[in-house]
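Asks: Just to be clear, the model below is a prediction. Sequence and coordinates:
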Amino acid sequence: MKTMPSETPSPTQQLFAAINGHWITQVIGTVARLGIADLLVGGPRDSDSLAAELGVHPGALFRLMRGGITAGLFASPSERTFALTPMGEGLRSDVPGSLRAVAIMQSDKSHWLPWGLLSEAVRTGRAPVQAALGSDIWEYFARHPDEGEHFARAMGNLSGLVGSELTHHIDFAPFARVADIGGSHGDLLSQVLRAHPSCRGILFDLPRVTEGAKTALESRGLASRVDVVAGSFFEPGIPAADAYLLKHILHDWEDDASLNILRRIHEAAPSGARLFVLEMVIPDNRNPDPTHLMDLNMLVLADGRERTRDEFQALFTATAWKVERIIPTRSGASILETVKA
């Protein structure tokens, strides 16, 4: 009796696929940039008509979309015709939890080039972003506002995932003023304000960011409920509030800078104020986990790091924030709820 060959890839095949994972990143990023998912909302379309609409080479677009089948984005119901898969739906710009902006950001030069110097980061323990981009990543975004806008939108995408979990777990009704520190375009703060009509918001970020934030808040009908304040979280000037949000900020920085941020917020906060830190938490085990790769991402891009519970506890203790609870969420980030001690 013949046995069918196993369909499970061999270890060598699995390794080969992993080695070429950067191909998949660029396929997904290019599909996102072209906005192909939005053009397939109405159902399957042939690649030639899509190429004509997009103004791109028809043969090359067909090859891209055929590659997108392997990337999990498309199905092909007939010759040279493509439809979105459930995974591909996540690249639409009009769906909750869209990752289109994240795909564009991760395939931009700002992220792509530093990762090519990971070996240098491992040799030195420092981010190779200066060698890759000619400056730190924040200065790079200032010099390349298009990529800076991609980054801001990607943070908005991630805020959508985190925000639904935050408003599910935390009741903000007792807080008259909620301040989002380093809140970019206010995506996370907007979700809190929509869920709690009694709250007012404060959006605090660098001047070059807050200009775009004002337009975003107006488009959501929330501008009248939000005070937009420009400044740096490394310097005095953070506004007083009853609750503070700090999403994916601390992982951008090493401990000394993170301590400075937490102290600045503590100085501004009234007695009893709450600080909600939204970050990945490295689990206390040796099992595979996405936080391990994100930790490398922060090493490469910003001299930052992901942290364990104990490492977060050390930061909070040193800056007089008392940890009340840590809530894991389905978004991948945890909510670290602290109160001013």
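Replies: Arrived safely, thanks for sending. Note that the structure is a prediction, hence the values are computed from the model and not measured.
Asks: per-residue confidence averaged over stretch 46-61?
Replies: The average pLDDT for stretch 46-61 rounds to 98.
Asks: centre of the chain versus that stretch, how much separation?
Replies: Offset of stretch 46-61 from its chain centre (CA atoms, centre = their mean, to the nearest Å): 30 Å.
Asks: residues of it that come out buried?
Replies: By 16 or more other CB atoms under 10 Å, the buried positions in stretch 46-61 come out as 46-47, 50-51, 56, 58, 61. Every residue, glycine included, has its C-beta placed from N, CA and C.
Asks: which residues touch stretch 78-92?
Replies: 28, 31-32, 36-38, 40-41, 43-48, 50, 62, 65, 68-69, 72-77, 95, 97-100, 103 (CB atoms under 8 Å, 6 or more residues apart in numbering).
Asks: for it, which positions count as buried?
Replies: By 16+ other CB under 10 Å, the buried positions in stretch 78-92 come out as 81-82, 84, 88, 90-92.
Asks: now do stretch 232-239
Replies: For stretch 232-239, by 16+ other CB under 10 Å, it's 233, 238-239.
Asks: Now flag whichever of the buried residues of stretch 46-61 is closest to Asp171.
Replies: In terms of CB to CB, no member of these lies closer to Asp171 than Leu50, at 46.2 Å.
Asks: ok, that closest one to Leu61 distance?
Replies: Going from Leu50 to Leu61 by CB to CB, to the nearest Å gives 6 Å.
Asks: three-state assignment of Gly304?
Replies: coil (DSSP: H, G, I helix; E, B strand; the rest coil).
Asks: Hmm, Gly272 and Lys340 touching each other?
Replies: Yes: the pair Lys340 / Gly272 is scored as a contact, 6.3 Å apart, by CB atoms under 8 Å.
Asks: For these two, indicate the residue with more neighbours.
Replies: Using other CB atoms under 10 Å as the criterion, Lys340 and Gly272 rank with Lys340 on top: 17 against 9.
Asks: Now for the more buried one: which residues touch it?
Replies: 266, 269-275, 320-322.
Asks: which of the residues you listed count as buried?
Replies: Buried among the contacts of Lys340 (16+ other CB under 10 Å): 266, 269, 273-275, 321.
Asks: Export those residues as CSV, with columns for secondary structure and distance to Ala173.
Replies: Converted to CSV, the buried ones among the contacts of Lys340 look like this (DSSP: H, G, I helix; E, B strand; the rest coil; distance: CB to CB, whole Å):
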residue, secondary structure, distance to Ala173
His266, helix, 24
Ala269, coil, 19
Ala273, coil, 16
Arg274, strand, 13
Leu275, strand, 18
Trp321, strand, 22
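Asks: Which pLDDT value goes with Ser159?
Replies: At Ser159, pLDDT is 83.
Asks: cool, the one 5 residues further on as well?
Replies: At Ser164, the predicted lDDT confidence score is 91.
Asks: next one: Val300
Replies: For Val300, the predicted pLDDT is 96.
Asks: before we move on, what about Val209?
Replies: pLDDT at Val209 comes out at 87.
Asks: which residues are in contact with the helix or strand harbouring Ala213?
Replies: Assigned by DSSP states H and E, Ala213 belongs to helix 207-219. Contact partners of helix 207-219, identified using CB under 8 Å, 6+ apart, comprise 142, 145, 148-149, 152, 183-187, 190, 203, 205, 223, 226, 228-230.
Asks: Tell me which of the residues you listed fall in strands.
Replies: 203, 205, 226, 228-230 (DSSP state E).
Asks: Just the buried ones from those residues, in PyMOL syntax?
Replies: Applying 16+ other CB under 10 Å to the ones in strands among the contacts of helix 207-219 leaves a buried subset, and the PyMOL line that selects it is:
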select buried, resi 203+205+226+228
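Asks: Please identify which pair of the ones in strands among the contacts of helix 207-219 lies farthest apart.
Replies: By the measure CB to CB, Val226 and Ala230 form the most distant pair in these, at 13.2 Å.
Asks: ok, back up a step: just the buried ones among the contacts of Lys340 now: which is nearest His196?
Replies: Arg274 (13.6 Å).
Asks: Okay, and the beta partners of that closest one?
Replies: Ala243, Val339 (DSSP bridges).
Asks: again, but for the one 4 residues further on
Replies: Listed by DSSP bridges, the beta-bridge partners for Leu278 are Lys247, Ile335.
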